Each structure stands twice: as structure tokens, then as C-alpha cells.
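Colleague: sharing a model that was predicted from the sequence below.
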Amino acid sequence: MNACIDTYFIKVDREYKVIHDKMFDFLCSYFGKTLITPILKYADDKVICERVQLESLPEEHGYFTVIVSEKDENTYIDRIKTDIVNGKIHCCLNNMQMKYKEYRIKFRDILKNLEYKLVRNLIKSKDDNGINSFISSCLRGYDELVDFFISLGADVDCQIGFFTPLTAACHDGHLKTVGILLEEGSNINYTNTQGETPLYTACYEGHYSLVNRLIDKKADINKQNNFNRTPLHASCMLGHATIVSLLIDKGANVFQYEDLLIAATIGGNDKIVERLLSKGCCLNGVDVEGKTALFIACEEAYTKIVKLLIDNNADIYKVDSNGINPMHAACCAGNNDIVSLFISKDSDLNMIDVDLETPLHKACRKGSADVIQNLLAFGADINKANRDAHTPAHIARTEGGIMDEHILKSLEKMK
């Protein structure tokens, strides 16, 4: 080994560290074939966790994986036992083989053969994020361990860090884990630290089958979190259209809050917006900045949503807290299709905001040639000055980067 120092290794005190990742892959593979017992006994936790696999598992393995034959499996199990006894339960739970049911069963059996009091304490052992072993197992869908930990008295309604067992299981859509917890009496409406129910979590993450299961088990469909958001809010904002339809069909209240349509618009899903409009939800509700769903759709250039909202008689003149109306927002975004929709509804092309700016001012600042030409074609006033006494033409030259002389002349021809 000393002959390879500074070529393949560096030596730190009494330890040898590999310099190159590829060389580390090679050395793991090489020594895994020739020195398997020392590796299993003395290798770093990460090597055991990330690079070692049991041959008895009927699963494919990577090219550089260290394979443990059946004759060496007891040595491997002894190493895992040692790590557990030394308080490294979370390292063991992170083992790459935990994704395989066969391995999880072996791991559970290892735990079963340890001292009862030790394993009971392991359930409460927390990782660096403050999550205990039971919650961690729920979060990853380790059903065999969840069942085992419950048999040892794990609290199915504990609240550790951000999670409860049920919200943890719902996070990644572990349907079977959720079923185990519910059968063991877990409270279906018990919330995490943010006031989120398991149903809210399932909706937020987009797990349709799980949402359906929770509703069938009488989850509170309208329970809000600490920020006054319901499962329907979360589904709308994240664009989960099938879940939105399911919630509405199962009785979710579309009139509970005025900003539900805003949540759907932020999500950018026109199918959800259309469904909410069909149910008659609040059309002109505003957010904390005074913005309506129409305003936000204009800002984000969601043309289909803008058309839906305008066709359903959304207020095209409702201004936000800065005195800006939706058409101003559309011009700021430079979306000519949306501007055309407003023009088709005879929108006031010369309405001013708190800075005395018209839609044409906004389009000139954005530098949107097609929007400018569209506004001019329908009679936008080129002579209106803003609070700084600047006309659209001045803004086009100084801020908008407009170089087209034809457009500039059109902006100035009446001066």
C-alpha cells in the first residue's frame, strides 16, 4: 500500500484514502473478491451501506459491487449487528439493499435476535434531521419494519420533526404502509407540525390512489393546515387535475376560500381552472397583493387560462394593490395573444396605473414589438406621459431596446 501513496492513495494518520473515485470503484471490486472478510469487518460504514450486496438476493448488482457469497453471509450479518449495537441504525436503514423486500426481512430478523430493550430504544433513535427510526421506516415504505416496530410499541400517532407516521407514509405514496398504520389505529386526521393531515400530504404529492383510499377511510376532506390551505388548495396549486376532480366529486368545498381559483391559476393547469369555473367558485377573489386569478394568468402568460377567465366574465379592470390591471400585466409579460383577447373585449387601452402608465408604456418597456403594433393598430394613445413625463416613445428608445425605426416613427408621428 505504501508504494501507492500519492499515486492511488493518500495516508492520513493510520488510514489510507483513495484519491480517485474510479480507482475506489476498482479497489472495492478487486478486494471484494480477494479480501471479503476484512472488508466486512473493517470497511467504512458507507462502503457497507453503498457497495455491498448479498448474493442470496435475487437482484441485479452493479459492476463494481462487492458481492457477499452465502458462506460469508454470517460475517456480513455480524457486521450489521455490530453497527446496530453501536447506534448506527440510521446508517443501516440507508443501506442500498433496503429497497429489496428480501433484504428488509433479513434485517428485521436481525433486529428480532437482538436484546428487546435495545431494539425498543432504536425505535426512538433520531437521525441528523431529528427523524426517528419508526418515522424513517414509514417514510420509505419499509412495511416489514413498520409492522415490527409497532409490535414493539411504536407510537402510531407520534409527531417527530415535520412528520407523523401517517404523513410520512403518505409523502411518497406508500399505500400498504398507510394501510398498516390505519389498521393499527393511527388517527387519519392527525396533523404534522404544519397542520397538514395525511390527506393533505397525499394531495400535495399527487398520489391519486392514496387520496382515494384516505377519503374512503373518512379523512376530513376540508381540514385546513396552519396556513389556511386545504387538500383542494394543494392539488390545485400543484396541478393535480385528477385529484382535484376526485376531491370535488367527494364533496370538497369549492366556496371555502376566495383564492381557490388563484391557486389553480398558479398551478397553470387550464383543466383545473375549467373545472372550478364549472362549479361556480369565486371568480374575482384576490391574493395578499390584490391580484386576481386573471391578473396572475396574464403575468404568467397562461393564454388558455386567460381566455377561460375572460369568457366567464372575470373583471378585466380589477387592479392590484399597485393600481395595475390585468392588461397592464399582459403587456409587461409581452404576450400578444393575451393582449388581443383584452382588445376583443373592448378593454380600455389607455387606462393608467399609479405611475400614470398605460399598457403601451408597459409594452414599450418590455420591448415587445408585436404588442406595441397591436396596441397602436387599435388606437392606443402615444402622447400620454407617465409620472416622469415620459411618453411610450421615450421608454421604447431608452428602456425597451426597440431598434425598429418603423415602430419608433409610429410612436412619435403625432408628437
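Modeller: Okay, I see it. Residues are numbered from 1 along each chain as shown.
Colleague: so where is the stretch 51-200 of the chain shaky, pLDDT-wise?
Modeller: Counting by pLDDT under 70, the stretch 51-200 of the chain contains low-confidence residues at 61-64.
Colleague: would you map the helices across it?
Modeller: For the stretch 51-200 of the chain, the helices defined by DSSP state H, counting those that start in this stretch cover 73-85, 89-93, 101-112, 116-124, 133-140, 143-151, 165-171, 175-183, 198-205.
Colleague: same question, the stretch 251-400 of the chain
Modeller: Here the stretch 251-400 of the chain has its helices, by DSSP H, counting those that start in this stretch, at 260-267, 270-278, 293-299, 303-311, 326-333, 336-344, 359-366, 369-377, 392-398.
Colleague: and the ones you listed, which is most packed in?
Modeller: Stretch with highest mean neighbour count among the helices of the stretch 251-400 of the chain: helix 293-299 (a mean of 29; mean count of other CB atoms under 10 Å). All C-beta atoms are positioned from the backbone trio N, CA, C, and that covers glycine.
Colleague: from the chain's centroid, how far away is that helix?
Modeller: 23 Å (CA atoms, centre = their mean, to the nearest Å).
Colleague: do stretch 71-79 as well
Modeller: Its chain's average C-alpha position is 40 Å from that of stretch 71-79, according to CA atoms, centre = their mean.
Colleague: so which bits of that stretch are buried?
Modeller: 72, 76, 77, 79 (16 or more other CB atoms under 10 Å).
Colleague: ok, these vs residue 146, which is closest?
Modeller: Closest approach to residue 146 among the buried residues of stretch 71-79 (CB to CB): residue 77, at 21.6 Å.
Colleague: so which residue is dead centre in this protein?
Modeller: Geometric centre of the chain, nearest residue: residue 205, 7.0 Å, by CA atoms, centre = their mean.
Colleague: okay, residue 4: pLDDT?
Modeller: Per-residue confidence (pLDDT) for residue 4: 49.
Colleague: repeat that for the one 5 residues further on.
Modeller: For residue 9, the model assigns a pLDDT of 50.
Colleague: below-threshold pLDDT in the stretch 301-415 of the chain: ranges please.
Modeller: Low-confidence segments of the stretch 301-415 of the chain, defined by pLDDT under 70: 402-406, 409, 413-415.
Colleague: quick check, the residue nearest to the centre of the chain in contact with residue 170.
Modeller: Yes: at 7.1 Å, residue 205 counts as touching residue 170 under the criterion of CB atoms under 8 Å.
Colleague: format the helices of the stretch 251-400 of the chain as CSV; extra columns: distance to residue 86.
Modeller: Putting the helices of the stretch 251-400 of the chain into CSV (distance: least, CB to CB, whole Å) gives the following:
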stretch, distance to residue 86
helix 260-267, 47
helix 270-278, 51
helix 293-299, 54
helix 303-311, 57
helix 326-333, 58
helix 336-344, 63
helix 359-366, 62
helix 369-377, 67
helix 392-398, 69
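Colleague: out of the ones you listed, nearest to residue 317?
Modeller: helix 326-333 (8.0 Å).
Colleague: which SSE is the nearest residue to residue 179 once chain neighbours are set aside in?
Modeller: Nearest non-adjacent residue to residue 179, counting by CB to CB, 6 or more residues apart in numbering: residue 213, 7.6 Å away. Counting by DSSP states H and E, the element that carries residue 213 is helix 208-216.
Colleague: CA atoms of that helix as CSV?
Modeller: Extracted C-alpha coordinates of helix 208-216, given in CSV (Å, rounded to 0.1, in the frame of the first residue of the first chain):
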residue,chain,number,x,y,z
TYR,A,208,-54.3,9.6,-6.5
SER,A,209,-54.8,6.0,-5.3
LEU,A,210,-53.8,7.0,-1.8
VAL,A,211,-56.1,10.1,-1.8
ASN,A,212,-58.9,7.8,-2.8
ARG,A,213,-58.1,5.4,0.0
LEU,A,214,-57.9,8.1,2.7
ILE,A,215,-61.2,9.6,1.6
ASP,A,216,-62.8,6.2,1.7
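Colleague: dump the C-alpha coordinates for whichever helix or strand comes after it into CSV.
Modeller: With elements assigned by DSSP H and E, the helix or strand that comes after helix 208-216 is helix 231-238. What follows is helix 231-238, C-alpha atoms only, in CSV (Å, rounded to 0.1, in the frame of the first residue of the first chain):
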residue,chain,number,x,y,z
PRO,A,231,-56.2,19.5,0.3
LEU,A,232,-58.1,21.0,-2.6
HIS,A,233,-55.8,24.1,-2.5
ALA,A,234,-52.7,21.9,-2.6
SER,A,235,-54.0,19.9,-5.5
CYS,A,236,-55.0,23.0,-7.5
MET,A,237,-51.6,24.7,-6.9
LEU,A,238,-49.6,21.6,-7.9
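Colleague: report the angle between the axes of helix 231-238 and helix 270-278?
Modeller: Inter-element angle recorded for helix 231-238 and helix 270-278: 140 degrees (by axes from the mean of the first three to the mean of the last three CA atoms, to 10 degrees).
Colleague: distance from helix 231-238 to the middle of the chain?
Modeller: 12 Å.
Colleague: please apply the same query to stretch 92-100.
Modeller: On CA atoms, centre = their mean, the centre of stretch 92-100 falls 24 Å from that of its chain.
Colleague: list the contacts of it.
Modeller: Here stretch 92-100 makes contact (CB atoms under 8 Å, 6 or more residues apart in numbering) with 48-50, 53-54, 57, 59, 80, 83-84, 103-104, 107, 133, 136-137, 140, 142.
Colleague: same thing but 6 Å
Modeller: Stretch 92-100 has contacts (CB atoms under 6 Å, 6 or more residues apart in numbering) with 49, 50, 53, 57, 59, 83, 103, 104, 136.
Colleague: would you verify that the second one is located in a helix?
Modeller: Yes: using DSSP: H, G, I helix; E, B strand; the rest coil, the assignment for residue 50 is a helix.
Colleague: tell me who's in contact with residue 152.
Modeller: residue 120.
Colleague: and with 10 Å instead?
Modeller: By CB atoms under 10 Å, 6 or more residues apart in numbering, the residues touching residue 152 are 111, 112, 116, 119, 120, 122, 123, 134.
Colleague: and residue 366, by the same measure?
Modeller: For residue 366, the contact set (CB under 10 Å, 6+ apart) comprises 331, 332, 333, 334, 335, 372, 395, 396, 399, 400, 401, 402.
Colleague: what does residue 251 give?
Modeller: Residues near residue 251 by CB under 10 Å, 6+ apart: 215, 221, 222.
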